[in-house]
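dropping a prediction and its sequence here:
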Amino acid sequence: MNNFRPVPKPKHKRLKPTARERGAVSKEVYATIMEREHECCGRCYSGHNLQAAHLERRWKLQLTTYKDVCILCHDCHYWADNTAEGREWLKAKRDALYAKECK
Ligand SMILES: [Zn+2]
């Protein structure tokens, strides 16, 4: 007789999403911003090494929406996250997206 009974997984969920979950870019969001940005980098218009870049610091977000991310190539992403000029650029980009109320 097999009496092995695995402990069922707990049914409750975490009340608050983790920072990683809040910062995650869903497939839908990614598809939306790729279309919005015409599949090129929002700064230099390169079509290579594209990434979803957060416009806002992740820890400030409850959830990442299409207004919280843009498309940047690897180099511009690094520039945006690591220079004062880059952070200003991200802020302006985000302000523009929220002002337009569009995709
Ligand atoms: Zn670029």
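Structure received.

skipping its backbone neighbours, what lies nearest Leu97 in space?
Once flanking residues are discounted, Leu97 sits nearest to Lys67: 4.7 Å by CB to CB, 6 or more residues apart in numbering. All C-beta spots, glycine's among them, are computed from the backbone N, C-alpha and C.

check His54 too.
Val69 (5.7 Å).

residues in contact with that neighbour?
Counting by CB atoms under 8 Å, 6 or more residues apart in numbering, Val69 touches Val25, Val29, Ile33, Ala52, Ala53, His54, Leu55.

count of residues packed around the residue nearest to Leu97?
21 (other CB atoms under 10 Å).

with the one 10 residues further on instead?
Summarising burial for His77: neighbours were counted as other CB under 10 Å, giving 23.

so it is in which element?
Assessed by DSSP states H and E, His77 sits inside helix 74-82.

now for that helix, which elements pack on it?
If contacts are counted by 3 or more CB pairs under 8 Å, 6 or more residues apart in numbering; DSSP states H and E, helix 74-82 sits against strand 50-54, helix 84-100.

what lines up beside the first one in the sheet?
Partner strands and pairing direction for strand 50-54 (DSSP bridges) are strand 69-73 (antiparallel).

averaged pLDDT, the partner strand. What do you get?
Averaged over strand 69-73, pLDDT sits at 97.

compute the inter-axis angle for that strand and helix 74-82.
Angle, strand 69-73 to helix 74-82, by axes from the mean of the first three to the mean of the last three CA atoms, to 10 degrees: 130 degrees.

show me which of the contacts of Val69 neighbour the ion.
By CB under 5 Å from the ion, no member of those lies near the ion.

among these, which one has the most neighbours?
Counting neighbours by other CB under 10 Å, Ala53 comes out on top of these with 26 neighbours.

can you pull the contacts of that residue?
Counting by CB under 8 Å, 6+ apart, Ala53 touches Val69, Cys70, Ile71, Leu72, Cys76, His77, Ala80, Asp81, Leu90.

ok, so of the residues you listed, who is nearest the ion?
Of all the contacts of Ala53, the ion sits closest to Cys76, with 3.2 Å by CB to the ion.

where does the residue lying closest to the closest one once chain neighbours are set aside fall, phi/psi-wise?
Spatial nearest neighbour of Cys76, chain neighbours left out: Arg43 (4.3 Å); criterion: CB to CB, 6+ apart. Backbone torsions for Arg43, taken as degrees, to the nearest 10, come to phi -110, psi -50.
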